Structure formats: structure tokens, C-alpha cells
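**Student:** how would this look folded up:
(one chain, ligands or ions: 2)
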Amino acid sequence: MEQGQSIFVGNIKGGVGKSTLTTLLFDYFQNKKGKMKVQMVDADRQGTSFELLEPMAMGDNIRHVPVSDRFDGLSLVTLDSILRRMRANPDTLTRVDTGAGWPGNVWQIAMMSECIIIPTTLSWADLRPTIEFVQEMDERKESLDTLSPHLIIVPNKVPPSQRDMSMLSDNLKDLNVVVSPPLSDLSVVRHMSANFKGLEAAKGTRFYDEFIRLGDFIDEYVLSGRLSKMYDAGERR
Ligand SMILES: Nc1ncnc2c1ncn2[C@@H]1O[C@H](COP(=O)(O)OP(=O)(O)OP(=O)(O)O)[C@@H](O)[C@H]1O
Ligand SMILES: [Mg+2]
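**Tutor:** Ligands and ions are numbered 1, 2, ... in the order given. As a prediction, this is how the structure comes out:
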């Protein structure tokens, strides 16, 4: 059955760029996929992505469905049914932002998505919990014997002078993850919160080009099914 697609953005670590990537990817896909209904669900109690994107809302395409530890049961059911309803329409693409800590059983809902985008900086304080998070998600996928969601690590806030990704790849080598090209640290991005103008605000910078490359990568490899086909072929070999 043809259905819509969804992208989760998550990491148990806070402050790594989940909401930034969610909102900019929303903007990227809205510009690229003219015909599609591009949607965003903010599952984080803080509602950062929701607040940023609300001025751009058209109908019900931007929603805040806070999931917290305390109200876990009910809000998880709500998030699950909203996402299922959104995915039932084949012409939709939905991003889901999640809070740090990734409460309760959100991972079960993430399992229906095409990928989980996992931003991290290259500092060990962020990398260590990120690697634990990836390990946990990888194990859950393995126990369910499923190829998706693809786990995609996005190195974020990387200083232009630090392009050595070996620490990252060394620590991830036994896991089923894809590392995307990095995103630079850019002061314009840090100040985007007030009066969100989308990717346009970063135009002419290195970050802008990097972000377009990230969006293209997600679109052309993950959403197109190419990455899944590559894994399939690998398994049959
Ligand atoms: N590439 C970047 N360059 C500069 N600043 C960035 C970049 N990416 C994110 N930031 C800044 O880092 C801070 C944290 O980003 P963001 O709110 O997106 O993280 P988060 O993972 O959603 O945090 P939380 O866990 O609190 O939800 C913000 O001030 C944001 O503007
Ligand atoms: Mg956030």
C-alpha cells in the first residue's frame, strides 16, 4: 500500500540540534516538494519546533503533541494515531521532533518511520550518550528484524577546522548507522529562534550548502528507498 513518509529527529542528549534540524528540514522539504503536504509534529514538551514553525502553519500541518514521562500512556496513543493518520495519505511527509531523554515508548512509534535523524556534536559529552542511544535503537531494530528506520547520525555544530570524523566512525563501526556529511557551527543558526525565516536566513554561508546537501541526501537515498535496496542487496549476498 502506498503511504506517506515520516522522519523522526531524536537523541537522548539535549541541545544537539534536534529542533533546529526539524524546522530547517521542514523548510527544505516544503520548498522542494511543492505538491506534497509537508507536516511537522512536535512531541517535545518544550515545543521549540512548534513555536518556531507556528507562524508558517497552514491548517493542521504543524502540531504540538507533547509526550512526557508523566502522561506517557495517553500522549503516546495520541502521537501514534496522529502519525498513522498522517502517513495514511501517500502525498505527505511528516517530521517528528522529540525531546531530550526520549521518554517511555516513543521508540515504538519511531519504528514506523523511514529514518531517525540523530544530531550530535563531536564533543565526547554529546557523543557518549549518542552512541548509547544508537546502540539501543540498533538492538531494537535487530530484535524486530527490520531494516528501517535507518539511523542517520548528523554531526552538527562542527567547527570548520575540525573535519576529522575518525573518532565518530571508530566508535560506530559495529553499528548499523549512516553518518551524514557534517553541518558547521554558524552563529546565524544560533540566533534563528526569534522570527524564524527558515534556511533563507543562512543563504550564502557554508552551512546553507551543507544543509542542502543533507536534505538532498535524505531525499535521494533514504526516502527514495535506495538505501534500503542497498541493504537488501547486501543481505542477499
Ligand atoms: N549548526 C549550528 N550552529 C550554531 N548553532 C546551532 C547549530 N545547531 C543548533 N544550534 C543552536 O544550539 C542550540 C540547541 O539547538 P536545538 O534547540 O535545536 O537543540 P535540541 O536538541 O532540540 O535541544 P533540546 O534537547 O533542548 O530540545 C540552539 O541555540 C540552536 O540555535
Ligand atoms: Mg528541541
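
**Student:** hey, let's count contacts and neighbours off CA atoms from now on
**Tutor:** OK.

**Student:** which regions of this structure sit below the pLDDT cut-off?
**Tutor:** Confidence mapping of the chain against pLDDT under 70 gives the ranges 1, 69-73, 103, 235-237.

**Student:** any idea how far the residue nearest the centre of the chain is from Ser161?
**Tutor:** By C-alpha atoms, centre = their mean, the chain has its centre lying nearest to Val9, at 2.6 Å. Counting by C-alpha to C-alpha, to the nearest Å, the separation of Val9 from Ser161 is 26 Å.

**Student:** what residues does the chain put near ligand 1?
**Tutor:** Applying C-alpha under 6 Å from any ligand atom, we find that the chain lies next to ligand 1 at 14-20, 99-100, 156-157, 183-187, 189-191.

**Student:** now list the buried members of those residues.
**Tutor:** Buried positions within the residues of the chain next to ligand 1, assessed by neighbour count (16 or more other C-alpha atoms under 10 Å), are 14, 16-20, 99-100, 156-157, 183-186, 189.

**Student:** where do the helices sit along the chain?
**Tutor:** 18-32, 48-53, 72-88, 106-110, 124-144, 166-172, 187-190, 206-217, 226-236 (DSSP state H).

**Student:** send me the second one as PDB with only the CA atoms.
**Tutor:** Looking back up the chat, that one is helix 48-53. Extracted C-alpha coordinates of helix 48-53, given in PDB (Å, rounded to 0.1, in the frame of the first residue of the first chain):
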ATOM      1  CA  THR A  48      10.500  24.600  20.400                       C
ATOM      2  CA  SER A  49       9.900  23.500  16.900                       C
ATOM      3  CA  PHE A  50       6.200  24.200  17.200                       C
ATOM      4  CA  GLU A  51       6.800  27.700  18.400                       C
ATOM      5  CA  LEU A  52       9.200  28.400  15.500                       C
ATOM      6  CA  LEU A  53       7.000  27.000  12.800                       C
END
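
**Student:** helices and strands around that helix, which ones?
**Tutor:** Helix 48-53 sits against helix 18-32, strand 37-42, strand 62-64, with contacts defined as 3 or more C-alpha pairs under 8 Å, 6 or more residues apart in numbering; DSSP states H and E.

**Student:** strands paired with the last one, and their directions?
**Tutor:** Strand 62-64 has the following strand partners under DSSP bridges: strand 37-42 (parallel).

**Student:** compute the inter-axis angle for the strand it pairs with and helix 72-88.
**Tutor:** Orientation of strand 37-42 against helix 72-88 (axes from the mean of the first three to the mean of the last three C-alpha atoms, to 10 degrees) gives an angle of 170 degrees.

**Student:** by how many degrees do strand 37-42 and helix 18-32 diverge?
**Tutor:** If you take the same axes, to 10 degrees, strand 37-42 sits at 170 degrees to helix 18-32.

**Student:** can you list the neighbours in contact with strand 37-42?
**Tutor:** By C-alpha atoms under 8 Å, 6 or more residues apart in numbering, the residues outside strand 37-42 that reach it are 22, 26, 29-30, 48-50, 61-66, 91-98.

**Student:** try it again with 7 Å
**Tutor:** 26, 29-30, 49-50, 61-66, 91-98 (C-alpha atoms under 7 Å, 6 or more residues apart in numbering).
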